[in-house]
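**Student:** Got a predicted structure here, sequence first:
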Amino acid sequence: MELDDELCLCFHVTKRKVVNFLRIEKPKRAGELSHCFGVGTGCGWCRPFLQRLFDQSQVCSSTDPLPDAGAYAEQRSRYIADGHGTPPPSTS
Ligand code: FES
């Protein structure tokens, strides 16, 4: 995933915005990332990826790259189709 790819597809928030939020605001818990344009508060698909970015910002514990944007959106579609989350009504 590139910095300008959308990480939270519900609220159209890029990975760059989340990375900058982590760098500038230094949240204590991954849940505080919701203060970054509401990421993770829609269908929930991006929460594990937000957690990974949060963990990486703390100690660089994970070196697994995030999937590319196309695979990411495809996996999220399956996640929603499988009934794991519902996007907010104003987004797709
Ligand atoms: S993709 Fe982030 S909450 Fe749905």
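**Tutor:** In hand now; what should we look at?
**Student:** drop to CA atoms for contacts and neighbour counts, all remaining ones
**Tutor:** Noted.
**Student:** touching the ligand at all, whichever strand or helix holds Arg16?
**Tutor:** Assigned by DSSP states H and E, Arg16 belongs to helix 15-25. No - judged by C-alpha under 6 Å from any ligand atom, helix 15-25 and the ligand are separated, with a smallest distance of 11.1 Å.
**Student:** Next one, pLDDT for Leu66 please.
**Tutor:** We have a pLDDT of 81 for Leu66.
**Student:** State the number of residues packed around the residue nearest to it when sequence neighbours are not counted.
**Tutor:** Nearest non-adjacent residue to Leu66, counting by C-alpha to C-alpha, 6 or more residues apart in numbering: Met1, 5.5 Å away. Counted with other C-alpha atoms under 10 Å, residues neighbouring Met1 total 16.
**Student:** Met1: what's it in contact with?
**Tutor:** Going by C-alpha atoms under 8 Å, 6 or more residues apart in numbering, Met1 touches Lys15, Pro65, Leu66, Pro67, Asp68, Ala69.
**Student:** And Ala73, by the same measure?
**Tutor:** Counting by C-alpha under 8 Å, 6+ apart, Ala73 has contacts Leu9.
**Student:** Checking it next. Helix, strand or coil?
**Tutor:** Assigned state for Ala73: helix (three-state reduction, DSSP: H, G, I helix; E, B strand; the rest coil).
**Student:** State the distance from it to Asp5.
**Tutor:** 10 Å (C-alpha to C-alpha, to the nearest Å).
**Student:** One more: Arg52?
**Tutor:** 16 Å.
**Student:** Check which helices and strands the helix holding Arg16 sits against.
**Tutor:** strand 6-8, helix 47-59 (3 or more C-alpha pairs under 8 Å, 6 or more residues apart in numbering; DSSP states H and E).
**Student:** Now do it, average pLDDT.
**Tutor:** Helix 15-25 comes out at a mean pLDDT of 96.
**Student:** Can you name the residues in contact with that helix?
**Tutor:** For helix 15-25, using C-alpha under 8 Å, 6+ apart, the contacting residues are 1-8, 33, 36, 53-54, 57.
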